[in-house]
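A.B. asks: coordinates only, sequence not included:
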Ligand SMILES: [Zn+2]
């Protein structure tokens, strides 16, 4: 499990403003804005977009970035 201290400083790397906190889920971290999932490997979150699981129907990062900037 990710420590609360670490989780508190992590932000979605897709967010241009880097202000969206990530939510801890079993085995991955979820961005509540763009729905991208970052795997947790050996107890450490891998906040690398290339390693992340994009939400269903997502064509690419530009689409996810738009979710952060819209509304
Ligand atoms: Zn995001």
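C.D. replies: Thanks, I have the structure now. This structure is a prediction, so every number in the text was calculated from the model and none was measured. Numbering: from 1, shown residues only.

A.B. asks: neighbours of residue 25, how many?
C.D. replies: Residue 25: 12 surrounding residues under other CB atoms under 10 Å. Bear in mind the C-beta positions are built from the backbone N, C-alpha and C, glycine included.

A.B. asks: bridge partners for it, pull those for me.
C.D. replies: When bridges are taken as DSSP bridges, the partners of residue 25 come out as residue 28.

A.B. asks: any idea how far it is from residue 44?
C.D. replies: Distance, residue 25 to residue 44, using CB to CB, to the nearest Å: 15 Å.

A.B. asks: just the strands in this structure please.
C.D. replies: For the chain, the strands defined by DSSP state E cover 23-25, 28-30, 37-41, 44-45.

A.B. asks: for residue 51, which of those is the nearest?
C.D. replies: Taking CB to CB, strand 37-41 is the member of the strands of the chain nearest to residue 51, at 6.1 Å.

A.B. asks: buried stuff in that closest one?
C.D. replies: Applying a neighbour-count criterion of 16 or more other CB atoms under 10 Å, one finds 37, 38, 40 buried in strand 37-41.

A.B. asks: nearest to residue 30 among the residues you listed?
C.D. replies: residue 37 (5.6 Å).
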